[in-house]
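Engineer: I would like the atomic coordinates for the input below:
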Amino acid sequence: FLLLNFWQSIGEEPVQSAPLGLLSVKYQSTASEAFPDAIPHPDKSNWYSFPEMTNEECLVFKQYDRDASYASDIWHCGLSSIVPKNAAPNRRNFDVRAFIILKEQVQETTNDRFAPSRRKSKLTRDESECFCTEQAKRREAQT
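Structural biologist: Residues are numbered from 1 along each chain as shown. Model (predicted):
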């Protein structure tokens with residue numbers, strides 16, 4: 001199975017405050033490791049933001065894939081550090097996740113991210129939030 005995420009603004013005006021940000025993660029360890037077995041590399045990971053999205057646009061991205069042989073690490077959040085110069089209304093959006101069941105079977109090996117033997121994340125929830133906040137601060141400092 002996999003999870004697809006659909007994100008769309010529902011405001012009348014284009015998004016100006018805290019636009020959606022996607023983090024394309026690169027890890028500190030070997031190329032074969034990924035979340036939850038590795039910690040993101042703060043200097044090699046890249047943020048992509050989607051400012052000025054209208055209610056006629058919808059962003060679709062794969063958030064999770066059970067099969068570890070496929071890329072699956074797209075982190076996302078509202079980039080609250082991106083603030084317009086003029087007062088702007090709060091962002092209004094909806095976020096829908098589709099749980100998609102595929103016909104193919106994932107072998108009970110290290111490729112199964114949902115196997116009973118799967119490992120816990122190396123980052124706690126608080127550490128994950130801190131990582132995203134620090135990344136946003138770095139991005140802001142570069143602009």
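
Engineer: from residue 43, how far out is residue 20?
Structural biologist: Distance of residue 20 to residue 43, given as CB to CB, to the nearest Å: 22 Å. The way it works is simple: take the backbone N, C-alpha and C, and place the C-beta from them, glycine included.

Engineer: more neighbours: which of the two?
Structural biologist: residue 20 (22 against 10; other CB atoms under 10 Å).

Engineer: quick one: contacts for the more buried one?
Structural biologist: By CB atoms under 8 Å, 6 or more residues apart in numbering, the contact list for residue 20 reads 7, 49-50, 53, 59, 76-79, 93.

Engineer: export those to a markdown table and tack on secondary structure and distance to residue 14?
Structural biologist: Formatted as a markdown table, these follow (DSSP: H, G, I helix; E, B strand; the rest coil; distance: CB to CB, whole Å):
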| residue | secondary structure | distance to residue 14 |
| --- | --- | --- |
| 7 | strand | 14 |
| 49 | strand | 13 |
| 50 | strand | 10 |
| 53 | coil | 6 |
| 59 | strand | 13 |
| 76 | strand | 19 |
| 77 | strand | 19 |
| 78 | strand | 15 |
| 79 | coil | 15 |
| 93 | strand | 12 |
